[in-house]
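S.K.: take a look and give me a structure for this.
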Amino acid sequence: MKQLFLCSYFAGVRDLFRQYASEKQLGKQVLFIPTAGNVEEYRDYIDEAKVVFEDLGFAVEVLDLAQTDQETAQAKIFQTKLLYIAGGNSFYLLQELKKKHLLSLIREQIADGMVYVGESAGAIITAEDIDYSKLMDDKGVAGELSDTAALNEVDFYVLPHVGEEPFAESTQAILDTYGDKLNLLPINNSQAVLVEDEEVKVLVENK
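M.R.: Next up is the predicted model:
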């Protein structure tokens, strides 16, 4: 069964994830991919996400795709039951996934029961194509990316950080530009999207 937990800001939905992890009996191991943050100046959210997992009792294994050879990356993803992909630049992230030929493997593993957790860029790449995020992310940092076709795991396009600084303007621009062209799913930093096969739910963290 396909199981995805998608959000804008993982630390902002920690209670939702705690409940989700408990209900799904996710075990205590997570493969943690921080790669999208490599080209960002601000990276505190990656450390925060790691702390959330650790506070919930997970053993966190970090896998930076840019620093790992293809064979190792594929083996680690093949072995994990819980994959977390952090936020950052969605185009750079997609480039690194494609360089290591990981998209089809991730799709196969999701179909085989692996739980996928995506934050911001990690949520964006579950769409069929990520070109829409160019109004929020700098495409120029992914010089080796030849196309923007992504995981195609969902029939919508997650739009993270809606109404949240410093993304309020860029997310509004995406809504204005693509609102009538794409099936956008806008979420703020306190919301998470749960996908179970064809069922999609949007939950809100209680403040």
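
S.K.: which residues of the chain fall in helices?
M.R.: In the chain, the segments counted as helices under DSSP state H are 14-24, 44-55, 70-79, 90-99, 103-111, 121-124, 168-178.

S.K.: the last one: how far from the chain's middle?
M.R.: Same thing as helix 168-178. For helix 168-178, the separation from the chain centroid amounts to 19 Å (computed by Cα atoms, centre = their mean, to the nearest Å).

S.K.: ditto for the first one
M.R.: Distance of helix 14-24 from its chain centroid, counting by Cα atoms, centre = their mean, is 17 Å.

S.K.: quick check, pLDDT for the residue nearest the centre of the chain.
M.R.: The residue lying closest to the centre of the chain (Cα atoms, centre = their mean) is G122, at 1.7 Å. Note on G122: pLDDT of 98.

S.K.: do M1 as well
M.R.: 88.

S.K.: count of residues packed around the spatially closest residue to it that is not a sequence neighbour?
M.R.: Spatial nearest neighbour of M1, excluding adjacent residues (Cβ to Cβ, 6 or more residues apart in numbering): D197 at 5.6 Å. Every residue, glycine included, has its C-beta placed from N, CA and C. Other residues near D197 come to 8 when the count uses other Cβ atoms under 10 Å.

S.K.: circling back to that earlier point, spatially, what comes nearest to the residue nearest to the centre of the chain if we skip its sequence neighbours?
M.R.: Nearest non-adjacent residue to G122 (Cβ to Cβ, 6+ apart): I85, at 3.2 Å.

S.K.: wait, that neighbour sits on I124?
M.R.: No: counting by Cβ atoms under 8 Å, I85 stays clear of I124, with 9.9 Å between them.

S.K.: if I look at the two, which residues touch both of them?
M.R.: G118 (Cβ atoms under 8 Å, 6 or more residues apart in numbering).

S.K.: would you confirm that Q95 contacts A142?
M.R.: Yes: between Q95 and A142 there is a contact under Cβ under 8 Å: 4.1 Å.

S.K.: for the two, indicate the residue with more neighbours.
M.R.: The neighbour comparison of Q95 against A142 (other Cβ under 10 Å) goes to Q95, with 23 against 20.

S.K.: thank you, goodbye.
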